[in-house]
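Undergrad: below are the sequence and a predicted model for it; my questions follow.
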Amino acid sequence: MDIVVKKLPQSKAELSITLAWDEWKKEMDHAAEHMAKDVKIPGFRPGKVPRDVLEKRYGKEALLMEAAEHAVSHSYARALEQEKVDAIGQPEVKLEAVKEGESLAYVITTAVMPEVKLAEWKKAVKEANAAHAKKMTALAVEPKEIEDELNRLATMRAKFVTVARPAQLEDSVEVDFEVKQDGVVIEGGKSEKHPLVLGKGVFIPGFEEGIVGMQEGEEKTMTLSFPEDYHATHLAGKPAEFAVKLRLVQERQIPAIDDEFAKSLGSFETLEDFKKTLSEGILEEKKHKGKEEGRTAILDALVGKATIEFPEILVAEELNRMTQEFQSQVEMMGIPFEQYLEHSKKSLDDLRKDWNEQAKKRLSAGIILEKLADEDEVEIDSKEVEEEMNNTLQYYKRVKDAEKNIDLERLYASTRGRLRNEKVFEMLEKL
């Protein structure tokens, strides 16, 4: 097999490959076997049609073309491995004339993983590390941070107690309501004992405010208009009558932040004991966040010093991944993706255009880390990978049916890549 590799612009490569007849004639038999599986000829069982019968029925040209396709597929894979060409995506194939007894020549154009040129990157990383170290030494927990967290925890443990007074904002209430347009109750416009925290903005503007000041048992009718951007377009901007009866008023009572409150949170004797533990936890969280910010700064420094020419297919694949990730996040919040797009007044193409530079930055970071790992000969022991995989699988065992859908080969590759990146970061953080 003769191979000539030519580098092309935009991270592409052209491979001109020639196979001698002796190298590809065996593919004629493979082609005949393949064709025999798909044809039905009276007198022969499926897959048992002789080659000469196939040639008479479909012609030698059809068999030659089938053989050539097999030869291209097999030899292309060997050529990539032999020439160490890191091809990505679907290649473009140009096949020259195919004749029995003669060499088979073809030209393949493929996108390849882009080369990275890094200029003075160590200096940039050292500067990023120095700036980050200065920031980390200044880490501290402010009294207000502890106070805010205590207030948050106390609010979480608040209880709602029934009160005999007019409803106020932040009260929890129960209401019966009926919404009518032109005297007819709209679809989904009726409910009894409906729970509601006033001021949360769950209902359309004016509804919750209209309940403020009502007494338990009081009834009221309000005329309100649906917002212009209301999700049900047939109601958007239109007025309706809201008949409301207030059934229950409950006041939120937040516990006092004292020693008793601290004891309710765990094995703490005093509020000061809990504050100390809380301060340590906040500081630890800041350190963790600081470490992530430091690594982001390192990546920004590296990307800023890198020159990479991306093939379009690589950017498209990264945009596909970003789209899938974002769609999953949106749908996890209970919002259909199409509804999100409609509400945000953006198309999928708009989002992809917005993310284009971010996609290139993500790709740059991954490619640079891979390059540095190769240059530093970073190796990951298979036992390390398997241990980390087992931790991941233990988590999925707790999620019903999730383990059945795991691609173990992909999990191994992603785990190895993550561990390799971790070692590269550890090396970079020492510069």
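TA: Alright, I've got the coordinates.

Undergrad: which stretches in the stretch 301-431 of the chain count as strands?
TA: Secondary structure of the stretch 301-431 of the chain (DSSP state E, counting those that start in this stretch): strands at 306-308.

Undergrad: quick one: low-confidence parts of it?
TA: Along the stretch 301-431 of the chain, segments meeting pLDDT under 70 span 398-405.

Undergrad: neighbours of T137, just the number please.
TA: 8 (other Cβ atoms under 10 Å). All C-beta atoms are positioned from the backbone trio N, CA, C, and that covers glycine.

Undergrad: just want the most central residue of this protein.
TA: Using Cα atoms, centre = their mean, the residue of the chain that lies closest to the mean C-alpha position is E325, 2.4 Å off.

Undergrad: check contacts around it.
TA: Going by Cβ atoms under 8 Å, 6 or more residues apart in numbering, E325 touches no other residue.

Undergrad: from E228, how far off is it?
TA: E325 sits 32 Å away from E228, going by Cβ to Cβ, to the nearest Å.

Undergrad: got the phi/psi numbers for D182?
TA: Torsion angles at D182 (phi, psi; degrees, to the nearest 10) stand at phi 60, psi 40.

Undergrad: re earlier: ok, the residue nearest to the centre of the chain to E318 distance?
TA: 11 Å.

Undergrad: for L369, same thing?
TA: To E318, L369 is 15 Å away according to Cβ to Cβ.

Undergrad: ditto for A87
TA: For A87 relative to E318 (Cβ to Cβ), the value is 17 Å.

Undergrad: hey, which helix is longest across this protein?
TA: Counting residues, the longest helix in the chain under DSSP state H turns out to be helix 271-304.

Undergrad: so which elements touch that one?
TA: Where contact means 3 or more Cβ pairs under 8 Å, 6 or more residues apart in numbering; DSSP states H and E, helix 271-304 is packed against helix 121-137, helix 143-156, helix 259-264, helix 348-375, helix 408-429.

Undergrad: what does the last one rub up against?
TA: Residues lying outside helix 408-429 but in contact with it, judged by Cβ under 8 Å, 6+ apart, are 125, 129, 294-295, 298, 369, 372-373, 376, 378, 380, 384-385, 388-389, 392.

Undergrad: can you flag the buried ones in those residues?
TA: 125, 129, 294-295, 298, 369, 372-373, 378, 380, 385, 388-389 (16 or more other Cβ atoms under 10 Å).

Undergrad: widest-spaced pair of those residues?
TA: Largest separation among these by Cβ to Cβ: N129 and M389, giving 31.2 Å.

Undergrad: helix 408-429 and the longest helix of the chain, what's the angle between them?
TA: Angle of helix 271-304 versus helix 408-429, following axes from the mean of the first three to the mean of the last three Cα atoms, to 10 degrees, is 90 degrees.

Undergrad: and the angle from helix 271-304 to helix 121-137?
TA: 160 degrees.

Undergrad: would you mark the buried spots in helix 271-304?
TA: For helix 271-304, burial by neighbour count (16+ other Cβ under 10 Å) applies to 271, 274-275, 278-279, 282, 286, 294-295, 297-299, 301-303.

Undergrad: please apply the same query to stretch 128-141.
TA: A128, N129, H132, V141.

Undergrad: circling back: closest to K220 out of the helices and strands packed on helix 271-304?
TA: Checking the helices and strands packed on helix 271-304 against K220 by Cβ to Cβ gives helix 143-156 as the closest, at 29.7 Å.

Undergrad: need the next SSE after that closest one, C-terminal direction.
TA: Reading on from helix 143-156 to the C-terminus, the next helix or strand found by DSSP states H and E is strand 159-162.
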